[in-house]
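> Just need the structure, nothing else, for what follows:
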Amino acid sequence: MATNIRRCFPKPNRAAVSESIRRVADSVPEPDDHGLLSVPSCDLLSGLTEEAGDALSQTIQLLSCGEESAIHVFYNEGDRIGASQSSFLQSQAIMYRIAKEETLHDLMLTRVSELLPYDERHHELRRRARHFYLRLAHPEPKYHFFRISELDSVVCMIMHGLLTGTGKLATSPALSKIAAHIRDDEAGHVRATRERVVELGMTLSERLEEAEPIRTRIVEMLSDTHEALDTLGVDADQLFKRILARKTS
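Here you go, the predicted model:
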């Protein structure tokens, strides 16, 4: 069983936020986990082989680090909108909703990860992932959110691959439901972040210029789990080609 899994990023300290902004955030409903957090531990990994379990653990390290980072990104943007008294009040609520959905994803992945192998190999993947997500930040929110939308699109692609064709999670009832839940949420996050990018004034030419370098960096980060993805039934080479060839809108 996994022990001493160190987070890439700490949980947000919402107590440090002004009371008026925190009230807005607190008014956004908590997402429904549809009972996935209460699945018995003995059933959670049902249908998963030992080899696939180690591969999933490696992949989860990168995904978990992204979820931990995203929680901060979306809470911070919601707070920023509130502090600036922006007219985009609906966007503020959307940012908080996504932050809470990312928090739920973090809880789900953490619970799974705690049942999977974890040693120095997995910790090293987390360390590299943390470095990637720190470098992902951009001082201009429109660029940062465009990069987030690219990442969320890739998460959707990975989850889809794990659930279809030769994907190994399709044989695990609980894990397949978790993967499908995250995939569906992230598809909504892609739409929301793309809308936010437009609200922030990012032009199509700016998006086209930004797309290739960020996709290249995402593929470089994922290359650490090339073998793990293959073991999980996801053709890593084909996945990387699809990421780089995606149309920018």
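> Do a quick rundown of the helices in this structure.
Along the chain, the segments classed as helices by DSSP state H run 19-27, 41-44, 50-83, 89-113, 120-136, 141-163, 173-199, 204-222, 226-231, 236-245.
> Show me which residues of the last one are buried.
Put plainly, it is helix 236-245. A236, L239, F240, I243 (16 or more other CB atoms under 10 Å). All C-beta spots, glycine's among them, are computed from the backbone N, C-alpha and C.
> Give the other helices and strands that it contacts.
Helix 236-245 sits against helix 141-163, helix 204-222, helix 226-231, with contacts defined as 3 or more CB pairs under 8 Å, 6 or more residues apart in numbering; DSSP states H and E.
> Flag the shaky bits of the protein, pLDDT-wise.
For the chain, residues meeting the criterion pLDDT under 70 lie at 1-3, 85-89.
> number of nearby residues for K100?
18 (other CB atoms under 10 Å).
> Let me see the contact set for it.
V28, P29, E30, P31 (CB atoms under 8 Å, 6 or more residues apart in numbering).
> One more: A211?
E150, R246, T248.
> With E140 as the reference, measure out to the last one.
Put plainly, it is T248. Separation of T248 from E140 (CB to CB, to the nearest Å): 18 Å.
> Equivalent analysis for P31, please.
29 Å.
> between these two, which one's more packed in?
Higher neighbour count among P31 and E140: P31, with 16 against 12, using other CB under 10 Å.
> I'd say that one and L104 touch.
Yes - using CB atoms under 8 Å, P31 is in contact with L104, at 5.0 Å.
> got the helices of the chain as CSV, with distance to R7 columns?
Output for those, formatted as CSV (distance: least, CB to CB, whole Å):
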stretch, distance to R7
helix 19-27, 21
helix 41-44, 20
helix 50-83, 6
helix 89-113, 9
helix 120-136, 8
helix 141-163, 18
helix 173-199, 18
helix 204-222, 18
helix 226-231, 21
helix 236-245, 26
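> what's the closest of those helices to N4?
Among those, helix 120-136 comes nearest to N4, with 8.5 Å by CB to CB.
> buried residues in that closest one?
Buried-residue list, helix 120-136, by 16+ other CB under 10 Å: H122, L125, R126, R128, A129, R130, F132, Y133, L136.
> Dump the residues you listed to JSON lines, plus distance to A70.
Conversion of these to JSON lines gives the following (distance: CB to CB, whole Å):
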{"residue": "H122", "distance to A70": "20"}
{"residue": "L125", "distance to A70": "18"}
{"residue": "R126", "distance to A70": "15"}
{"residue": "R128", "distance to A70": "18"}
{"residue": "A129", "distance to A70": "12"}
{"residue": "R130", "distance to A70": "13"}
{"residue": "F132", "distance to A70": "13"}
{"residue": "Y133", "distance to A70": "9"}
{"residue": "L136", "distance to A70": "10"}
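> Among these, which one lies nearest to L44?
Ranked by distance to L44 (CB to CB), the buried residues of helix 120-136 are led by H122 at 17.8 Å.
> Not counting its neighbours along the chain, what's nearest the closest one?
Of all residues not flanking H122 in the chain, Q61 sits nearest, at 5.2 Å (CB to CB, 6 or more residues apart in numbering).
> Okay, the one you found and R246: tell me how far apart.
Separation of Q61 from R246 (CB to CB): 24 Å.
> Tell me which of these two has more neighbours.
Q61 (29 against 14).
> Run a quick check on that one versus L125, I expect a contact.
Yes - counting by CB under 8 Å, Q61 does reach L125; the two are 4.1 Å apart.
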